[in-house]
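Undergrad: structural data only, the sequence is not supplied:
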(Lines give C-alpha, C1' and ligand atoms only; values in the text may rest on other atoms or scores of the structure.)
Protein backbone atom coordinates (compact mmCIF):
# COMPACT_ATOMS: atom_id res chain seq x y z
CA UNK A 1 0.00 0.00 0.00
CA UNK A 2 1.33 3.43 -0.98
CA UNK A 3 -0.37 6.34 0.79
CA UNK A 4 0.77 9.49 -1.00
CA UNK A 5 -2.31 11.71 -0.75
CA UNK A 6 -2.20 14.83 1.46
CA UNK A 7 -4.52 13.54 4.17
CA UNK A 8 -4.06 9.79 4.64
CA UNK A 9 -4.42 9.36 8.41
CA UNK A 10 -7.75 7.58 8.02
CA UNK A 11 -6.31 5.04 5.57
CA UNK A 12 -3.28 4.53 7.77
CA UNK A 13 -5.47 3.89 10.82
CA UNK A 14 -7.28 1.18 8.87
CA UNK A 15 -3.94 -0.43 8.05
CA UNK A 16 -2.77 -0.36 11.67
CA UNK A 17 -6.12 -1.65 12.91
CA UNK A 18 -5.68 -4.83 10.93
CA UNK A 19 -6.07 -7.94 13.09
CA UNK A 20 -2.80 -9.21 11.58
CA UNK A 21 -0.80 -6.41 13.19
CA UNK A 22 -1.17 -7.07 16.92
CA UNK A 23 2.51 -6.59 17.80
CA UNK A 24 4.21 -3.54 16.32
CA UNK A 25 7.90 -2.63 16.56
CA UNK A 26 8.70 1.03 15.89
CA UNK A 27 12.13 2.22 14.69
CA UNK A 28 12.73 5.96 14.99
CA UNK A 29 15.49 8.54 15.38
CA UNK A 30 16.85 9.13 18.87
CA UNK A 31 15.83 12.80 18.95
CA UNK A 32 13.68 13.33 15.88
CA UNK A 33 11.06 10.79 16.95
CA UNK A 34 9.81 13.08 19.71
CA UNK A 35 10.67 16.51 18.32
CA UNK A 36 8.97 16.01 14.94
CA UNK A 37 5.60 14.85 16.20
CA UNK A 38 6.24 11.25 15.15
CA UNK A 39 5.69 9.94 18.69
CA UNK A 40 2.26 11.59 18.85
CA UNK A 41 1.30 10.14 15.46
CA UNK A 42 2.44 6.63 16.42
CA UNK A 43 0.52 6.74 19.70
CA UNK A 44 -2.68 7.43 17.74
CA UNK A 45 -2.01 4.61 15.33
CA UNK A 46 -0.95 1.92 17.79
CA UNK A 47 -3.62 2.36 20.45
CA UNK A 48 -4.62 -1.05 21.90
CA UNK A 49 -1.62 -2.72 20.23
CA UNK A 50 1.45 -4.28 21.82
CA UNK A 51 4.42 -2.09 20.88
CA UNK A 52 8.18 -1.92 21.26
CA UNK A 53 10.11 1.27 20.50
CA UNK A 54 13.69 1.20 19.23
CA UNK A 55 15.41 4.58 18.89
CA UNK A 56 18.37 4.63 16.54
CA UNK A 57 21.48 6.11 18.20
CA UNK A 58 24.06 6.22 15.40
CA UNK A 59 24.08 8.82 12.62
CA UNK A 60 24.55 6.17 9.94
CA UNK A 61 23.12 2.64 9.58
CA UNK A 62 26.01 0.61 11.00
CA UNK A 63 26.57 -3.05 11.68
CA UNK A 64 26.53 -3.24 15.49
CA UNK A 65 23.32 -1.26 15.83
CA UNK A 66 21.85 -3.48 13.12
CA UNK A 67 22.75 -6.59 15.13
CA UNK A 68 21.21 -5.05 18.24
CA UNK A 69 17.96 -4.29 16.40
CA UNK A 70 17.80 -7.79 14.89
CA UNK A 71 18.03 -9.25 18.40
CA UNK A 72 15.13 -7.04 19.50
CA UNK A 73 13.04 -8.18 16.54
CA UNK A 74 13.69 -11.84 17.31
CA UNK A 75 12.83 -11.30 20.95
CA UNK A 76 9.66 -9.22 20.43
CA UNK A 77 8.42 -11.11 17.31
CA UNK A 78 6.44 -8.25 15.71
CA UNK A 79 3.78 -8.63 13.01
CA UNK A 80 4.63 -5.16 11.69
CA UNK A 81 7.71 -2.92 11.77
CA UNK A 82 7.21 0.84 11.49
CA UNK A 83 10.23 2.72 10.20
CA UNK A 84 9.70 6.43 10.81
CA UNK A 85 12.60 8.80 10.22
CA UNK A 86 15.23 9.80 7.69
CA UNK A 87 17.00 7.57 5.20
CA UNK A 88 19.39 6.09 7.78
CA UNK A 89 16.52 5.05 10.08
CA UNK A 90 14.63 3.47 7.19
CA UNK A 91 17.72 1.64 5.91
CA UNK A 92 18.44 0.19 9.35
CA UNK A 93 14.87 -1.06 9.72
CA UNK A 94 14.71 -2.43 6.17
CA UNK A 95 17.87 -4.51 6.55
CA UNK A 96 17.04 -5.74 10.07
CA UNK A 97 13.79 -7.16 8.74
CA UNK A 98 15.60 -9.28 6.15
CA UNK A 99 18.92 -10.37 7.67
CA UNK A 100 18.39 -12.62 10.67
CA UNK A 101 21.54 -14.77 10.77
CA UNK A 102 23.65 -12.45 12.94
CA UNK A 103 26.87 -14.50 12.87
CA UNK A 104 26.94 -14.54 9.07
CA UNK A 105 26.15 -10.89 8.28
CA UNK A 106 29.65 -9.39 8.33
CA UNK A 107 31.51 -12.05 6.28
CA UNK A 108 28.70 -12.52 3.76
CA UNK A 109 28.12 -8.80 3.21
CA UNK A 110 31.85 -8.22 2.79
CA UNK A 111 32.23 -10.90 0.12
CA UNK A 112 28.80 -10.20 -1.41
CA UNK A 113 27.54 -13.73 -0.79
CA UNK A 114 24.48 -12.90 1.32
CA UNK A 115 21.12 -14.34 0.26
CA UNK A 116 17.82 -12.74 1.19
CA UNK A 117 14.85 -15.03 0.60
CA UNK A 118 12.26 -13.60 2.98
CA UNK A 119 11.50 -10.89 5.50
CA UNK A 120 10.61 -11.32 9.16
CA UNK A 121 7.31 -9.43 8.87
CA UNK A 122 5.59 -6.60 7.02
CA UNK A 123 7.17 -3.17 7.23
CA UNK A 124 5.82 0.34 6.67
CA UNK A 125 8.12 3.29 5.98
CA UNK A 126 7.15 6.84 6.91
CA UNK A 127 9.85 9.36 5.86
CA UNK A 128 10.67 12.45 7.92
CA UNK A 129 12.95 14.01 5.32
CA UNK A 130 12.23 14.78 1.66
CA UNK A 131 15.23 13.33 -0.06
CA UNK A 132 16.31 9.69 -0.09
CA UNK A 133 13.14 8.00 -1.34
CA UNK A 134 14.16 5.04 0.86
CA UNK A 135 10.48 4.35 1.51
CA UNK A 136 10.18 2.79 -1.96
CA UNK A 137 13.67 1.49 -2.81
CA UNK A 138 14.83 -2.12 -3.02
CA UNK A 139 18.21 -1.36 -1.50
CA UNK A 140 19.60 -0.05 1.79
CA UNK A 141 22.98 1.20 2.98
CA UNK A 142 25.01 -0.56 5.67
CA UNK A 143 28.37 0.51 7.13
CA UNK A 144 30.82 -2.05 8.49
CA UNK A 145 33.51 0.04 10.10
CA UNK A 146 34.31 2.77 7.57
CA UNK A 147 33.22 0.61 4.60
CA UNK A 148 29.86 1.24 2.98
CA UNK A 149 27.87 -1.61 1.44
CA UNK A 150 24.65 -1.59 -0.54
CA UNK A 151 22.25 -4.38 0.44
CA UNK A 152 19.91 -5.14 -2.45
CA UNK A 153 16.86 -7.38 -2.69
CA UNK A 154 13.19 -7.11 -3.58
CA UNK A 155 12.52 -8.13 0.07
CA UNK A 156 14.23 -4.92 1.24
CA UNK A 157 11.43 -2.75 -0.15
CA UNK A 158 8.79 -1.86 2.46
CA UNK A 159 5.33 -3.41 2.06
CA UNK A 160 3.70 -0.05 2.77
CA UNK A 161 4.71 3.60 2.79
CA UNK A 162 3.00 6.84 3.75
CA UNK A 163 3.89 10.50 3.29
CA UNK A 164 3.16 12.81 6.21
CA UNK A 165 4.43 16.28 5.24
CA UNK A 166 3.98 17.70 8.74
CA UNK A 167 6.78 15.38 9.91
CA UNK A 168 9.09 16.95 7.31
CA UNK A 169 8.17 20.55 8.09
CA UNK A 170 8.46 19.88 11.84
CA UNK A 171 12.04 18.68 11.39
CA UNK A 172 14.16 21.53 12.79
CA UNK A 173 17.51 20.16 11.66
CA UNK A 174 18.12 22.53 8.75
CA UNK A 175 21.36 20.86 7.62
CA UNK A 176 19.68 17.46 7.34
CA UNK A 177 16.61 18.81 5.54
CA UNK A 178 18.72 20.76 3.02
CA UNK A 179 21.15 17.90 2.52
CA UNK A 180 18.25 15.50 1.90
CA UNK A 181 16.66 17.91 -0.58
CA UNK A 182 19.84 17.96 -2.66
CA UNK A 183 19.94 14.17 -2.53
CA UNK A 184 16.46 14.12 -4.05
CA UNK A 185 17.61 16.35 -6.94
CA UNK A 186 20.86 14.40 -7.43
CA UNK A 187 19.16 11.01 -7.49
CA UNK A 188 16.68 12.13 -10.13
CA UNK A 189 19.46 13.48 -12.35
CA UNK A 190 21.86 10.58 -11.78
CA UNK A 191 19.10 8.11 -12.58
CA UNK A 192 18.75 9.67 -16.03
CA UNK A 193 22.40 8.93 -16.79
CA UNK A 194 22.69 5.50 -15.18
CA UNK A 195 23.45 2.64 -17.54
CA UNK A 196 20.55 0.76 -15.95
CA UNK A 197 18.03 3.50 -16.71
CA UNK A 198 14.99 2.79 -18.85
CA UNK A 199 11.83 4.57 -20.01
CA UNK A 200 10.09 4.00 -16.68
CA UNK A 201 12.97 5.30 -14.54
CA UNK A 202 13.30 8.37 -16.79
CA UNK A 203 9.58 9.04 -16.38
CA UNK A 204 10.01 8.95 -12.58
CA UNK A 205 13.10 11.18 -12.82
CA UNK A 206 11.19 13.79 -14.78
CA UNK A 207 8.33 13.79 -12.28
CA UNK A 208 10.79 14.20 -9.43
CA UNK A 209 12.73 17.02 -11.12
CA UNK A 210 9.54 18.87 -12.02
CA UNK A 211 8.28 18.75 -8.44
CA UNK A 212 11.67 19.65 -7.00
CA UNK A 213 12.47 22.52 -9.35
CA UNK A 214 9.08 24.17 -8.89
CA UNK A 215 8.99 23.90 -5.11
CA UNK A 216 12.38 23.70 -3.41
CA UNK A 217 12.96 27.48 -3.17
CA UNK A 218 9.61 28.22 -1.58
CA UNK A 219 10.01 25.15 0.68
CA UNK A 220 13.31 26.53 2.01
CA UNK A 221 11.80 29.98 2.63
CA UNK A 222 8.49 28.83 4.03
CA UNK A 223 8.06 25.21 5.11
CA UNK A 224 4.34 25.07 4.44
CA UNK A 225 2.36 21.84 4.52
CA UNK A 226 1.73 22.06 0.76
CA UNK A 227 5.41 22.55 -0.13
CA UNK A 228 6.41 19.81 2.29
CA UNK A 229 4.00 17.47 0.55
CA UNK A 230 5.25 18.37 -2.95
CA UNK A 231 8.91 17.97 -1.99
CA UNK A 232 8.10 14.66 -0.30
CA UNK A 233 6.48 13.60 -3.55
CA UNK A 234 9.63 14.63 -5.44
CA UNK A 235 11.63 12.41 -3.09
CA UNK A 236 9.18 9.55 -3.60
CA UNK A 237 9.62 9.67 -7.38
CA UNK A 238 13.41 9.96 -7.12
CA UNK A 239 13.33 6.81 -5.00
CA UNK A 240 11.20 5.05 -7.61
CA UNK A 241 13.71 6.11 -10.28
CA UNK A 242 16.88 4.92 -8.55
CA UNK A 243 15.22 1.72 -7.42
CA UNK A 244 15.27 0.83 -11.11
CA UNK A 245 18.45 2.50 -12.33
CA UNK A 246 20.69 2.93 -9.26
CA UNK A 247 22.95 5.97 -8.98
CA UNK A 248 26.23 6.94 -10.64
CA UNK A 249 29.62 8.53 -9.83
CA UNK A 250 28.67 11.40 -7.46
CA UNK A 251 26.95 8.95 -5.11
CA UNK A 252 29.82 6.47 -5.40
CA UNK A 253 32.33 9.12 -4.28
CA UNK A 254 30.08 10.53 -1.54
CA UNK A 255 30.28 7.70 0.99
CA UNK A 256 33.88 8.21 2.25
CA UNK A 257 32.97 11.84 3.04
CA UNK A 258 30.26 10.49 5.33
CA UNK A 259 32.12 7.56 6.90
CA UNK A 260 35.43 9.35 7.55
CA UNK A 261 34.35 12.97 8.06
CA UNK A 262 30.67 12.81 9.07
CA UNK A 263 29.39 14.88 6.15
CA UNK A 264 25.63 14.43 5.70
CA UNK A 265 24.87 12.17 2.75
CA UNK A 266 23.18 14.61 0.35
CA UNK A 267 25.78 17.26 1.18
CA UNK A 268 28.52 14.74 0.38
CA UNK A 269 26.89 13.97 -2.98
CA UNK A 270 26.79 17.69 -3.82
CA UNK A 271 30.59 18.02 -3.52
CA UNK A 272 31.40 16.28 -6.83
CA UNK A 273 27.98 16.46 -8.50
CA UNK A 274 28.79 19.31 -10.89
CA UNK A 275 32.29 17.97 -11.52
CA UNK A 276 31.11 14.54 -12.63
CA UNK A 277 28.32 15.90 -14.82
CA UNK A 278 30.94 18.04 -16.60
CA UNK A 279 33.35 15.09 -16.81
CA UNK A 280 30.73 12.83 -18.40
CA UNK A 281 29.70 15.58 -20.82
CA UNK A 282 33.28 16.32 -21.87
CA UNK A 283 33.84 12.59 -22.49
CA UNK A 284 30.66 11.81 -24.41
CA UNK A 285 32.74 10.25 -27.19
CA UNK A 286 34.05 7.72 -24.64
CA UNK A 287 30.62 6.74 -23.31
CA UNK A 288 29.78 3.06 -22.90
CA UNK A 289 27.14 3.27 -25.66
CA UNK A 290 24.22 1.72 -23.77
CA UNK A 291 22.26 4.77 -24.98
CA UNK A 292 23.00 8.14 -26.65
CA UNK A 293 24.59 10.15 -23.82
CA UNK A 294 24.34 13.41 -25.76
CA UNK A 295 20.58 12.93 -26.09
CA UNK A 296 20.28 12.42 -22.33
CA UNK A 297 22.04 15.73 -21.70
CA UNK A 298 19.82 17.49 -24.22
CA UNK A 299 16.81 15.94 -22.48
CA UNK A 300 17.98 17.29 -19.11
CA UNK A 301 18.77 20.74 -20.53
CA UNK A 302 15.35 21.00 -22.10
CA UNK A 303 13.57 19.78 -18.99
CA UNK A 304 15.38 22.25 -16.72
CA UNK A 305 14.89 25.05 -19.27
CA UNK A 306 18.61 25.60 -19.80
CA UNK A 307 20.73 25.52 -22.96
CA UNK A 308 24.10 23.97 -22.22
CA UNK A 309 26.52 22.44 -19.71
CA UNK A 310 27.58 25.87 -18.42
CA UNK A 311 24.00 26.75 -17.57
CA UNK A 312 23.59 23.36 -15.90
CA UNK A 313 26.61 24.18 -13.74
CA UNK A 314 25.04 27.53 -12.84
CA UNK A 315 21.78 25.76 -12.02
CA UNK A 316 23.54 23.39 -9.64
CA UNK A 317 25.34 26.30 -7.97
CA UNK A 318 22.01 28.10 -7.55
CA UNK A 319 20.42 25.06 -5.90
CA UNK A 320 23.37 24.60 -3.56
CA UNK A 321 23.27 28.28 -2.60
CA UNK A 322 19.53 28.10 -1.83
CA UNK A 323 20.16 25.01 0.31
CA UNK A 324 23.16 26.62 2.08
CA UNK A 325 25.57 23.95 0.83
CA UNK A 326 29.21 24.99 0.46
CA UNK A 327 31.03 24.13 -2.77
CA UNK A 328 34.57 24.18 -1.39
CA UNK A 329 35.73 21.12 0.52
CA UNK A 330 37.91 23.18 2.85
CA UNK A 331 34.84 25.13 4.01
CA UNK A 332 32.94 21.93 4.75
CA UNK A 333 35.77 20.39 6.73
CA UNK A 334 39.29 21.85 6.79
CA UNK A 335 40.81 18.38 7.30
CA UNK A 336 39.46 16.85 4.08
CA UNK A 337 41.97 18.46 1.63
CA UNK A 338 44.83 16.96 3.66
CA UNK A 339 43.36 13.47 3.29
CA UNK A 340 42.00 13.54 -0.24
CA UNK A 341 43.72 10.22 -1.06
CA UNK A 342 41.64 8.62 1.69
CA UNK A 343 38.49 9.59 -0.22
CA UNK A 344 39.79 8.28 -3.54
CA UNK A 345 40.99 4.97 -2.09
CA UNK A 346 37.63 4.28 -0.45
CA UNK A 347 35.26 5.04 -3.33
CA UNK A 348 32.35 2.64 -3.75
CA UNK A 349 33.34 0.82 -6.95
CA UNK A 350 29.98 -1.00 -7.10
CA UNK A 351 28.13 2.28 -7.73
CA UNK A 352 30.77 3.53 -10.18
CA UNK A 353 29.97 0.82 -12.74
CA UNK A 354 26.65 2.52 -13.57
CA UNK A 355 28.41 5.71 -14.68
CA UNK A 356 28.04 6.23 -18.46
CA UNK A 357 31.76 7.00 -18.85
CA UNK A 358 34.61 5.02 -17.30
CA UNK A 359 36.11 6.78 -14.29
CA UNK A 360 39.63 6.11 -13.03
CA UNK A 361 41.23 7.12 -9.76
CA UNK A 362 43.13 9.96 -11.42
CA UNK A 363 39.83 11.34 -12.75
CA UNK A 364 38.28 11.31 -9.27
CA UNK A 365 41.36 13.04 -7.88
CA UNK A 366 41.23 15.74 -10.58
CA UNK A 367 37.55 16.42 -9.90
CA UNK A 368 38.16 16.61 -6.14
CA UNK A 369 41.11 18.99 -6.57
CA UNK A 370 38.81 21.42 -8.38
CA UNK A 371 36.55 21.56 -5.32
CA UNK A 372 39.27 22.54 -2.85
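TA: Thanks, I have the structure now. This is a predicted model, so every value here is computed, not measured.
Undergrad: surely residue 151 meets residue 108?
TA: No: using C-beta atoms under 8 Å, residue 151 is not in contact with residue 108, being 10.4 Å away. Heads up, the C-betas are built off the backbone N, CA and C, glycines and all.
Undergrad: would you mind giving the domain segments of this protein?
TA: Using automatic domain parsing, the domain ranges for the chain come out as 2-167, 173-369.
Undergrad: what is in contact with residue 151 and residue 108 at once?
TA: Residues touching both residue 151 and residue 108 by C-beta atoms under 8 Å, 6 or more residues apart in numbering: residue 114.
Undergrad: higher neighbour count, those two?
TA: Neighbour tally, residue 151 and residue 108, criterion other C-beta atoms under 10 Å: the higher count belongs to residue 151, 22 against 14.
Undergrad: pull the contacting residues for that one.
TA: So residue 151 contacts 95, 98, 99, 109, 114, 116, 139, 140, 141, 142 (C-beta under 8 Å, 6+ apart).
Undergrad: residue 202: which of those residues is nearest?
TA: residue 139 (19.1 Å; C-beta to C-beta).
Undergrad: tell me the phi and psi of the closest residue in space to the closest one that isn't next to it in sequence?
TA: Nearest residue to residue 139, sequence neighbours excluded (C-beta to C-beta, 6 or more residues apart in numbering): residue 152, at 4.3 Å. The phi/psi pair for residue 152 (degrees, to the nearest 10) reads phi -130, psi 130.
Undergrad: how many residues are close by residue 152?
TA: Using other C-beta under 10 Å: residue 152 sits among 17 other residues.
Undergrad: surely it meets residue 137?
TA: No: assessed by C-beta under 8 Å, residue 152 is found out of contact with residue 137, at 9.2 Å.
Undergrad: what pLDDT does the residue nearest to residue 139 get?
TA: If you check residue 152, the pLDDT there is 93.
Undergrad: what of residue 31?
TA: Looking at residue 31, its pLDDT reads 87.
Undergrad: what do you get for the one 10 residues further on?
TA: Residue 41 carries a pLDDT score of 92 in this model.
Undergrad: where does the stretch 101-250 of the chain have low pLDDT?
TA: Nowhere does the stretch 101-250 of the chain drop to pLDDT under 70.
Undergrad: now do the strands in it.
TA: Taking DSSP state E, counting those that start in this stretch, the strands of the stretch 101-250 of the chain run over residues 122-127, 139-144, 147-152, 160-162.
Undergrad: which of the ones you listed sits most buried?
TA: Counting by mean count of other C-beta atoms under 10 Å, strand 122-127 has the highest mean neighbour count of the strands of the stretch 101-250 of the chain, with a mean of 26.
Undergrad: packing partners for that strand?
TA: The helices and strands touching strand 122-127, judged by 3 or more C-beta pairs under 8 Å, 6 or more residues apart in numbering; DSSP states H and E, are strand 80-85, helix 87-96, strand 160-162, helix 165-169.
Undergrad: can you tell me the average pLDDT over the second one?
TA: Averaging the model's pLDDT scores along helix 87-96 yields 96.
Undergrad: re the thing from before, distance to residue 35 for the contacts of residue 151 - can I get that in TSV?
TA: As requested, these are exported to TSV (distance: C-beta to C-beta, whole Å):
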residue	distance to residue 35
95	25
98	29
99	30
109	32
114	35
116	33
139	28
140	24
141	24
142	26
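Undergrad: from residue 314, how far off is the closest residue to residue 213 other than its chain neighbours?
TA: Setting aside the residues directly before and after it, residue 213 is nearest to residue 304 in space (C-beta to C-beta, 6+ apart), at 6.6 Å. Using C-beta to C-beta, to the nearest Å, residue 304 is found at 11 Å from residue 314.
Undergrad: more neighbours: the two, which one.
TA: When neighbours are counted by other C-beta under 10 Å, residue 304 and residue 314 differ, and residue 304 comes out ahead with 16 against 13.
Undergrad: how near is residue 220 to residue 231?
TA: Taking C-beta to C-beta, one finds residue 220 at 10 Å from residue 231.
Undergrad: repeat for residue 64
TA: Per C-beta to C-beta, residue 64 is found 33 Å from residue 231.
Undergrad: of these two, who's got more company?
TA: Relative neighbour count places residue 231 above the other of residue 64 and residue 231, with 29 against 11, counting by other C-beta under 10 Å.
Undergrad: and for residue 213, the neighbour number?
TA: Residue 213 has 17 neighbouring residues, counting by other C-beta under 10 Å.
Undergrad: surely it and residue 306 touch.
TA: No: using C-beta under 8 Å, residue 213 is not in contact with residue 306; the gap is 10.8 Å.
Undergrad: between residue 220 and residue 231, which contacts overlap?
TA: What both residue 220 and residue 231 touch, as defined by C-beta under 8 Å, 6+ apart, is the set residue 181.
Undergrad: on that earlier part again, isn't the residue nearest to residue 213 up against residue 210?
TA: No: applying C-beta under 8 Å as the test, residue 304 and residue 210 come out as separate, 9.7 Å apart.
Undergrad: how many residues are close by residue 359?
TA: Other residues near residue 359 number 22, with proximity taken as other C-beta under 10 Å.
Undergrad: can you pull the contacts of residue 127?
TA: By C-beta under 8 Å, 6+ apart, the residues touching residue 127 are 85, 86, 87, 90, 134, 135, 161, 163, 167, 168, 232, 235.
Undergrad: sounds good, over and out.
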